[in-house]
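**Student:** Can you look at this prediction? I've put the sequence above it.
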Amino acid sequence: MHHDVMDLRAFYYNRALGRVVQRILRDRLTRFWPPGGTTGMTVAGYGFAAPMLRPYLTSARRVTSLMPAPQGVMPWPAGMPNHSVLAEETAWPLDTGAVDRLVMLHGLETSDHPLAVLEEARRVLGPGGRMILIAPNRAGLWARSDNTPFGFGRSYTTGQLESQARAAGFQVERSAVALYTPPSDRRFWLRTADWWERNGQRISRFLVAGVVMIELSRQMQLPVRPGLRVAVPSPLDLLDGIARPAGQRGQGVGTPSSQRRTDR
């Protein structure tokens with residue numbers, strides 16, 4: 001089951017709970033990647049990552065929001081030149097190695113081909129490129145609630161997400177969790193959401209975070225070609241070129257000492 005872009009838009013931009021989620025996830029993302037550190041870079045998002053990308057519009061060289069075809073696309077950002085584009089899940093309209101930073105939100109858990117999506121993400125990342133992958137936490141309350149986008153599709157533990165990323169050729173750099181506040185529209189939870197995030201690690205025995213975030217880098221493999229050989233010199237070759245002691249040139253190794261005295 002895929003999200004509908006209008007439902008995602010309504011949640012993140014029109015609903016109070018969605019605006020809280022947007023702020024929490026964006027704050028956590030900018031701790032990983034401060035906007036000032038992306039100057040001159042190409043930043044992209046896949047799924048419905050547009051709310052996460054706004055801090056990079058003024059610093060990055062180029063920002064692109066890729067929205068999967070089964071989900072649909074919307075113009076983004078509002079009131080500015082469009083930065084969003086419709087994309088097939090496994091054939092993004094980006095050159096190989098063209099992206100420096102990539103954010104994936106609501107792009108993996110509903111995909112019919114999650115491994116292929118990750119492999120396509122790896123393709124577009126350049127040398128030294130990084131990706132932040134955000135997915136519902138299987139043990140959290142958000143994955144069990146169907147009134148938010150995090151209750152659709154698959155949910156993951158941190159280990160499952162890291163294992164799938166490694167299978168696609170990524171290196172796991174670090175991981176984090178977020179959304180300790182319950183998925184509720186009640187005013188008390190909305191007003192105290194920032195407190196729950198700040199103290200989430202201390203109350204994790206009672207409330208489990210709603211999403212898992214992992215930072216990935218692209219693994220660079222050394223080229224391997226058949227027929228490549230390593231030349232290792234023989235230990236005896238190291239003696240070549242060493243001058244023999246004076247007076248012994250031309251003498252055989254096994255020449256008796258008496259014979260040498262006779263030849264003098």
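**Tutor:** Nice, I can see it.
**Student:** contacting residues for residue 41?
**Tutor:** Applying Cβ atoms under 8 Å, 6 or more residues apart in numbering to residue 41 gives the contacts 60, 61, 100, 101. All C-beta atoms are positioned from the backbone trio N, CA, C, and that covers glycine.
**Student:** Quick check on it: phi, psi?
**Tutor:** Per-residue torsions, residue 41: phi -90, psi 160 (degrees, to the nearest 10).
**Student:** got it, and residue 9?
**Tutor:** Phi and psi for residue 9, reported as degrees, to the nearest 10, are phi -60, psi -40.
**Student:** Now it. Nearest residue, chain neighbours left out?
**Tutor:** residue 74 (5.8 Å; Cβ to Cβ, 6 or more residues apart in numbering).
**Student:** which SSE is the one you found in?
**Tutor:** Residue 74 belongs to no helix or strand when assigned by DSSP states H and E.
**Student:** Could you count how many residues lie near it?
**Tutor:** 18 (other Cβ atoms under 10 Å).
**Student:** Helix, strand or coil: sort out residue 128 for me.
**Tutor:** strand (DSSP: H, G, I helix; E, B strand; the rest coil).
**Student:** so the residue nearest to residue 9 touches residue 83, yeah?
**Tutor:** No - using Cβ atoms under 8 Å, residue 74 is not in contact with residue 83, being 11.2 Å away.
**Student:** For residue 104, what are phi and psi?
**Tutor:** According to degrees, to the nearest 10, residue 104 has phi -120, psi 120.
**Student:** what sits against it?
**Tutor:** 45, 46, 47, 49, 121, 131, 132, 133, 134.
**Student:** Over to residue 118: give its phi and psi.
**Tutor:** Main-chain dihedrals, residue 118, degrees, to the nearest 10: phi -70, psi -40.
**Student:** what number of residues lie near it?
**Tutor:** Neighbours of residue 118 under the rule other Cβ under 10 Å: 24.
**Student:** Quick check: closest non-adjacent residue to it.
**Tutor:** In this structure, residue 118 finds its nearest non-sequential neighbour in residue 168, 3.6 Å apart by Cβ to Cβ, 6+ apart.
**Student:** Relative to residue 88, which of the contacts of residue 104 is nearest.
**Tutor:** Using Cβ to Cβ, residue 46 is the member of those that lies nearest residue 88, at 11.3 Å.
**Student:** Could you grab the helix/strand/coil label for that closest one?
**Tutor:** strand.
**Student:** State the distance from it to residue 4.
**Tutor:** 17 Å (Cβ to Cβ, to the nearest Å).
**Student:** State the pLDDT value of residue 205.
**Tutor:** Residue 205 is assigned a predicted lDDT (pLDDT) of 57.
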